[in-house]
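J.: sequence and predicted structure below; questions after.
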Amino acid sequence: MARIAYANLDDPQAKPLVERIIAERGSVLHLYQMLLHSPPVASGWLNYLTAIRQQSSLPGDLRELVIMRVADLNGAPYEADQHAPIALREGVSQAQLDALQKWEASDLFDDRARAVLAYTDAMTRTVQVPAPVYDAVRAHFSDRHLIELTATIAAYNMVSRFLEALQVHSHDDPNAGH
C-alpha cells in the first residue's frame, strides 16, 4: 500500500483537474490520484507527460522501449505494468520486452534501439552520458528527436522515483483510507 492515502477525487480543489484527467486519459490512474494531493503539481505533471507521450515526434516504439527500460532499471513495477500494453501496441514485441533486462546480449534490437538503450542506461544509472554513448545515439536522431528522447528518459526517471518513494503500486486500492 502507498505510504500516503490516495487523494480524494471529490475534493473541490482537485475536481476540475480530475475531470480533465478523465477526459484526456479515460480514468485517474494511481499516479495521478497520488499527485492530486497537490493540484498545481498534478497539473504541471499532466502537461509535461502529455507533451512527452502524446505530442512528441519520437517514434512510439522507441518511447515505450525507453519507458520500460527505465522502469526495469529503477525497479518500478507500476510503471512497467502501465506501459507494457502500450509498448506492445506501439510495435515493441513481447520477445523484446522479455529481453530488455539483458538487451546488450540480445540480437532483437537494431543499432538505433541499441543506441537508445545505451543512452537510457547512462542517463538512468550515472546521469552523465559518456561521449561514445552520446555520439552513437546522435547518429540516429535530429536535434528535435534527441531533445524529445532525452526529455522522455528524464521524465520517466522522475515518474519511477516518485512512484517508488511513495510505494504506489498497481494492486493498491486507491479508495482505502477514504
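T.: Everything's here; your move.

J.: okay, now the unreliable bits of the protein?
T.: Low-confidence regions of the chain, defined by pLDDT under 70, span residues 176-178.

J.: spatially central residue in it, please.
T.: Centroid-nearest residue in the chain, with C-alpha atoms, centre = their mean: residue 156, separated by 3.6 Å.

J.: by contact count, what packs against the helix or strand harbouring it?
T.: For residue 156, the host element (DSSP states H and E) is helix 143-165. Contact partners of helix 143-165 among helices and strands, from 3 or more C-beta pairs under 8 Å, 6 or more residues apart in numbering; DSSP states H and E: helix 30-35, helix 39-50, helix 60-73, helix 77-89, helix 111-125, helix 131-138. C-beta here means a position set from N, CA and C on the backbone, and glycine is covered the same way.

J.: just the angle for the fourth one relative to helix 60-73, thanks.
T.: In this case it means helix 77-89. Computed with axes from the mean of the first three to the mean of the last three C-alpha atoms, to 10 degrees, the direction of helix 77-89 lies at 160 degrees from that of helix 60-73.

J.: give the other helices and strands that helix 77-89 contacts.
T.: Packing contacts for helix 77-89, counted by 3+ C-beta pairs under 8 Å, 6+ apart, involve helix 30-35, helix 60-73, helix 94-99, helix 143-165.

J.: cutoff 6 Å now
T.: Applying 3 or more C-beta pairs under 6 Å, 6 or more residues apart in numbering; DSSP states H and E, we find helix 77-89 packed against helix 60-73, helix 143-165.

J.: got it, and the shortest one?
T.: Secondary-structure packing of helix 30-35 (3+ C-beta pairs under 6 Å, 6+ apart): helix 39-50.

J.: kindly export the helix it packs on (C-alpha atoms) in CSV.
T.: The C-alpha trace of helix 39-50 is given here as CSV (Å, rounded to 0.1, in the frame of the first residue of the first chain):
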residue,chain,number,x,y,z
PRO,A,39,-3.3,20.1,-7.8
PRO,A,40,-0.6,22.5,-9.1
VAL,A,41,2.0,19.7,-9.2
ALA,A,42,-0.6,17.3,-10.7
SER,A,43,-1.4,19.9,-13.4
GLY,A,44,2.2,20.6,-14.3
TRP,A,45,2.9,16.8,-14.3
LEU,A,46,0.0,16.2,-16.6
ASN,A,47,1.1,18.9,-19.0
TYR,A,48,4.6,17.6,-19.1
LEU,A,49,3.8,13.9,-19.5
THR,A,50,1.1,14.7,-22.1
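
J.: check which residues of that helix are buried.
T.: For helix 39-50, burial by neighbour count (16 or more other C-beta atoms under 10 Å) applies to 39, 42-43, 45-46, 49.

J.: can you tell me the closest non-neighbouring residue to residue 134?
T.: Spatial nearest neighbour of residue 134, chain neighbours left out: residue 119 (7.2 Å); criterion: C-beta to C-beta, 6 or more residues apart in numbering.
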